[in-house]
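Asks: Predicted coordinates and the sequence they were generated for:
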Amino acid sequence: MSLITQSSESLTLEGAKIAIAAAEAKARDMGLGMNIAVVDASTHLLHFSRMPGAKITSISIALDKAFTAAGHGQGTHLYKDVVWPGGAAFGFITFGGGLPIFNAKGALVGGIGASTGTPAEDQQVVQAGVDALNKVFKEGGALKAKL
């Protein structure tokens with residue numbers, strides 16, 4: 001590895017499509033239309049879906065959840081413990097429904113966010129996307145791109 005550059009893994013468009021397809025299927029099973037966003041490890045948008053019935057006002061929320069999950073490497077639902085008075089992120093508004101995506105080696109490769117339902121519903125939808133990718137990673141799928 002060079003002292004001025006490094007190589008890191010990131011999710012590909014193919015991987016983002018797998019995650020969104022699974023998340024959409026879960027949302028349909030729940031009878032919901034969702035906005036779903038997947039970003040790469042650098043927090044850049046890879047793929048976005050706006051399902052029929054998804055609230056237009058939640059488009060940016062889905063994007064922000066994916067960005068936050070990938071940028072901080074943790075689910076947005078975990079911030080509830082640090083946003084209360086005296087917490088490290090006091091004053092931030094957080095909602096469940098954003099999860100980081102880790103490859104089989106445990107490296108952060110992206111994030112997924114969903115919005116339109118309740119935070120618990122959004123969380124179920126993004127978990128379906130992460131679970132679909134984890135299955136592919138476990139089977140040795142190569143959805144990563146070198147940067």
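Replies: That came through, no problem.
Asks: What's the first helix or strand after the longest strand seen in the chain?
Replies: In the chain, ranked by residue count with DSSP state E as the criterion, the top strand is strand 108-115. Counting by DSSP states H and E, the next helix or strand C-terminal to strand 108-115 is helix 119-138.
Asks: just checking, what packs against that next one?
Replies: The criterion is 3 or more C-beta pairs under 8 Å, 6 or more residues apart in numbering; DSSP states H and E, and the helices and strands that helix 119-138 contacts are helix 13-29, strand 35-40, strand 98-102, strand 108-115. C-betas here are computed from N, CA, C, even on glycine.
Asks: which residues sit against it?
Replies: The set of residues that contact helix 119-138 without belonging to it, under C-beta atoms under 8 Å, 6 or more residues apart in numbering, is 11, 15, 18-23, 25-27, 30, 32, 34, 36, 38, 65, 75, 77, 95-99, 101, 103-104, 112-117, 143.
Asks: And the residues you listed, which of them are buried?
Replies: 11, 15, 18-23, 26-27, 32, 34, 36, 38, 65, 75, 77, 95-99, 101, 103, 112-117, 143 (16 or more other C-beta atoms under 10 Å).
Asks: Phi, psi for Lys65 please.
Replies: With angles defined as degrees, to the nearest 10, Lys65 shows backbone torsions of phi -60, psi -40.
Asks: mind listing what it touches?
Replies: The neighbourhood of Lys65, defined by C-beta under 8 Å, 6+ apart, consists of 37, 76, 95, 97-98, 111, 113-115, 122, 126.
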